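Student: Provided below are the primary sequence and the corresponding predicted coordinates.
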Amino acid sequence: SGSNTIFSFVPSLVTVVSFSAYVLLGHTLDVGTALTSLALFNILRFPLFMLPQVLNNVVEASVSFDRLRSYFLAEERTKVGEGDLTEVGISVQGADFKWDAAPPTEGDKKTGDKKEEEEALVTPVAEGPTLRGIDFSAKKGELHAIVGHVGSGKSTLLAGILGDARCSAGSVAIRGKVAYVSQQPFIQNATVRDNITFGLPFDADKYEEALRVSSLKKDLRILTAGDRTEIGEKGINLSGGQRTRVAIARAVYQDADIYLLDDILSAVDSHVGADIFNECIKKTLKDKLVVLVTHSLSFVNQCDQIAVIADGRIAEQGSYKKLMAKKTLLAQMVSNYVESESEEDEENTTSAESLEDAMDDASDEEGLTIMGRRKSSESRMHRRSRLSTRSDDSQAGVEDEGQLMVEEDRSVGDVSWSVYRVWINAFGGICASTVVAFGFFAAQGISLVATLWISHWSQQAAEYPNSQMYYVYVYTLINVVLGIVLYVRVILLYFGCLSASRLLFGGVLNQILRAPISFFDATPLGRIVNRLSKDIYTLDETIANTLVDLIDTVAIVTVTLVTASFVTPFFIIILLPVLFGYYNSQRYFIKTSRELQRLDSISRSPIFTLLSETLDGLSTIRAFGVERRFVEHNYYLLDTNQRAYFLNFTINCWLGLRLEFVGTCIATAAALAAVLAHSTNSTGGSAFAGLAGVSLTYAFDVTQPL
């Protein structure tokens, strides 16, 4: 607000200094010199008025550039090559794997007790490698199990093979098409089928096999639209086991050479895990290279090779018989696992007996209620199962029923006054808005008084040459008052805008925090991010600057038209058709621009959604080698958004051309009206010349605000 006031006041300050110096040098100010100089000084108003915004944009661009530069200059991720491998396989020789830590930002560089307190709350990250001296090799047709305690580095080993964890020493090589199932499965905001096919063409036989071996068929029967059911972001409407099985089905559908499975059996029930291990891993993937990270030691005896990780190293590896014969780490882990399983079985048996006793004590009425609920549940499941077996003719209806995400609403037509009323109330109400608007009109009125005073001064200068400094002092006083009004109006405006932004953001945040879970199920994260980023930025910055431009322009145009109409009433006759043409152009522009702005806002949400989704599944996307597909989809979304943005920019140029023409017509009409008025009434003399000069000065400057 301070810079806005300074740059708005600079032309007036320059005028005061110039006219004062002109008088002090002994010159007499006449009408021609005064008004011509004033017109030239007024040319500076618009560039200086825009200068604060330009400087602010330069600062923001500089900050963004620094952030992007540090990102683009960061060390590139090293892609794992094939090395000396001549066939499908994995080779890790003497490798050290470590995770790259993000460099500290300026906000993170804290000192003193506060930093020590915060560090005490955060688990320190080891600077050295997570895994050291890893030697691991696998060939096609082998099943390898990676076991170890929680946090021992099993997932880091898979990440190192994929290239996500940096290999700081030794070498890693991999040959063959890779399919990866992470510990936290990557699920897209799409249908079950799209998540499984993952961009590949649909093959019915391969698809059915993937569903069978991942034990998903029963789950599809209870989904609303079968495999056409839309899954929310991160699989929000699926259980953890279902998400894992969808990821397994996706990996099987890829028909890859190498399968890296990160603890896929922990998220499913024991009997489902047994089915997946037997049907998927042992049978369907028997000719593939499979590396299975697992906490479940029930199946390690069926693996070809086992690697036990402890203390950041592969403590031992070999066949199950060989390692059990050593009676070291694996034998100890298996023994502990068997004991824990026995304890769980005893607890389950006790719980089952207690439940059975409770059921025996229950009344007949309660039993009927339970049976009724069970039948109702079975009825609902039966109805849902029918949905998944509909014919192809009703496929569109199935897709509609399976849709989870709600499409973003887009308003049409004029913006209702209720929207403006919400912002005005947050700004401070009608009274506060009126005071701010009055401040802008008062500033233009004072500016007009200053110009009229110069006109009067120049007319009286020849008759009262010794009173020059009196006119200088009065003109200076008028401009001092103008500067105060400029500062007060901007302060009031920005305080009101900050209040509106704070209240509206608080309201939005309150609504989000109080929203039901179903809202987040049906609303993509990108849409929420878009509302809380771009739209809040508009509230914080764009609206304030736009209001300054709008009210100032309305005040300038109003003062100009009133002045020209007062000096030369004939101007009104010429003005009416010009205003009619301006009104038509403005209405046509507003209708188009408003819809383009809405399209721009709506089309930005999918970009944020894709970004969030891509970051969540980055390891999976890289492992499957589908980076290009995601990049092209991002290009498509950007093109869709930029079409609306650039069209909006184009129609702004279209409107600017017409407003330039309107401004030229107003200036021409004012000059023509002044000439006609002077020719019909030549008795006005210098007084009319001064007023006509003031009118023309404002008329020539009206083009820039428009």
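Tutor: On my side now, so go ahead.
Student: Show me how far stretch 631-641 is from its chain's centre.
Tutor: Mean-position distance between stretch 631-641 and its chain equals 14 Å (CA atoms, centre = their mean, to the nearest Å).
Student: If you count neighbours, what's buried in it?
Tutor: Buried residues in stretch 631-641, counted by 16 or more other CB atoms under 10 Å: 637-638, 640-641. For every residue, glycine as well, the C-beta is placed using N, CA and C.
Student: for stretch 12-22, same thing?
Tutor: 12-13, 15-16, 19-20, 22.
Student: Closest one of those to residue 332?
Tutor: Closest to residue 332 out of the buried residues of stretch 12-22 is residue 13 (85.5 Å), distances taken as CB to CB.
Student: re the thing from before, switch the buried residues of stretch 12-22 over to CSV; also include secondary structure, pLDDT and distance to residue 296.
Tutor: Converted to CSV, the buried residues of stretch 12-22 look like this (DSSP: H, G, I helix; E, B strand; the rest coil; pLDDT from 0 to 100; distance: CB to CB, whole Å):
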residue, secondary structure, pLDDT, distance to residue 296
12, helix, 78, 81
13, helix, 82, 80
15, helix, 81, 85
16, helix, 84, 85
19, helix, 81, 90
20, helix, 84, 90
22, helix, 82, 94
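Student: Dump the residues you listed to JSON lines, plus distance to residue 548.
Tutor: What follows is these, written out as JSON lines (distance: CB to CB, whole Å):
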{"residue": "12", "distance to residue 548": "17"}
{"residue": "13", "distance to residue 548": "19"}
{"residue": "15", "distance to residue 548": "22"}
{"residue": "16", "distance to residue 548": "23"}
{"residue": "19", "distance to residue 548": "28"}
{"residue": "20", "distance to residue 548": "29"}
{"residue": "22", "distance to residue 548": "32"}
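Student: Name the member of those residues with the shortest distance to residue 516.
Tutor: Nearest to residue 516 among the buried residues of stretch 12-22 is residue 12, at 56.7 Å by CB to CB.
Student: Correct me if wrong: that closest one contacts residue 446.
Tutor: No. Look at residue 12 against residue 446 with CB atoms under 8 Å: they stay out of range, at 9.5 Å.
Student: Mind listing the shared neighbours of those two?
Tutor: Common contact partners of residue 12 and residue 446 (CB atoms under 8 Å, 6 or more residues apart in numbering): residue 482.
Student: Next up, the contacts around the residue of the chain most remote from its centre.
Tutor: Going by CA atoms, centre = their mean, the residue of the chain most distant from its centre is residue 463, 67.9 Å out. Not one residue lies near residue 463 by CB under 8 Å, 6+ apart.
Student: Go ahead and report the secondary structure state at it.
Tutor: Here residue 463 is coil, with the state taken from DSSP: H, G, I helix; E, B strand; the rest coil.
Student: pLDDT wise, what is it at?
Tutor: At residue 463, the pLDDT value in this model is 70.
Student: gap between it and residue 447?
Tutor: 26 Å (CB to CB, to the nearest Å).
Student: Over to residue 206?
Tutor: Distance, residue 206 to residue 447, using CB to CB: 77 Å.
Student: For residue 74, grab phi and psi.
Tutor: The phi/psi pair for residue 74 (degrees, to the nearest 10) reads phi -70, psi 160.
Student: and it, how far is that from residue 156?
Tutor: Using CB to CB, residue 74 is found at 21 Å from residue 156.
Student: Those two: who's more crowded?
Tutor: Higher neighbour count among residue 74 and residue 156: residue 156, with 21 against 11, using other CB atoms under 10 Å.
Student: Next secondary structure element downstream of the helix or strand hosting the more buried one?
Tutor: In the assignment (DSSP states H and E), residue 156 maps to helix 154-162. Tracing the chain past helix 154-162, the next element assigned as helix or strand by DSSP H and E is strand 166-175.
Student: what number of residues lie near the closest residue in space to residue 185 that isn't next to it in sequence?
Tutor: Closest residue to residue 185 apart from its sequence neighbours, by CB to CB, 6 or more residues apart in numbering: residue 247 at 3.7 Å. Residues within reach of residue 247, counting by other CB under 10 Å, total 29.
Student: Residue 247 sits in which helix or strand?
Tutor: Per DSSP H and E: helix 240-254 holds residue 247.
Student: Using PDB, list the CA coordinates for that helix.
Tutor: Taking C-alpha atoms only, helix 240-254 is exported to PDB below (Å, rounded to 0.1, in the frame of the first residue of the first chain):
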ATOM      1  CA  GLY A 240      -5.800 -52.600   2.600                       C
ATOM      2  CA  GLY A 241      -5.900 -56.200   1.400                       C
ATOM      3  CA  GLN A 242      -8.000 -55.300  -1.600                       C
ATOM      4  CA  ARG A 243      -5.600 -52.500  -2.600                       C
ATOM      5  CA  THR A 244      -2.700 -55.000  -2.400                       C
ATOM      6  CA  ARG A 245      -4.600 -57.600  -4.500                       C
ATOM      7  CA  VAL A 246      -5.400 -54.900  -7.100                       C
ATOM      8  CA  ALA A 247      -1.700 -54.100  -7.300                       C
ATOM      9  CA  ILE A 248      -0.800 -57.900  -7.600                       C
ATOM     10  CA  ALA A 249      -3.300 -58.300 -10.400                       C
ATOM     11  CA  ARG A 250      -1.800 -55.300 -12.200                       C
ATOM     12  CA  ALA A 251       1.700 -56.800 -11.900                       C
ATOM     13  CA  VAL A 252       0.500 -60.200 -13.200                       C
ATOM     14  CA  TYR A 253      -1.400 -58.500 -16.100                       C
ATOM     15  CA  GLN A 254       1.900 -56.800 -17.200                       C
END
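Student: could you say what helices and strands it packs with?
Tutor: In terms of contacts (3 or more CB pairs under 8 Å, 6 or more residues apart in numbering; DSSP states H and E), helix 240-254 is packed against strand 178-181, helix 192-197, helix 204-213, strand 258-262.
Student: How far away from the center of its chain is the longest one?
Tutor: Helix 204-213 sits 37 Å away from the centroid of its parent chain (CA atoms, centre = their mean).
Student: Restricting to C-alpha, output that helix in CSV.
Tutor: Taking C-alpha atoms only, helix 204-213 is exported to CSV below (Å, rounded to 0.1, in the frame of the first residue of the first chain):
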residue,chain,number,x,y,z
ALA,A,204,-9.9,-60.7,-21.5
ASP,A,205,-8.1,-64.0,-20.9
LYS,A,206,-5.1,-62.4,-19.3
TYR,A,207,-7.3,-60.1,-17.3
GLU,A,208,-9.4,-63.0,-15.9
GLU,A,209,-6.2,-64.9,-15.0
ALA,A,210,-4.9,-61.8,-13.1
LEU,A,211,-8.2,-61.6,-11.2
ARG,A,212,-8.1,-65.3,-10.4
VAL,A,213,-4.6,-65.5,-9.0
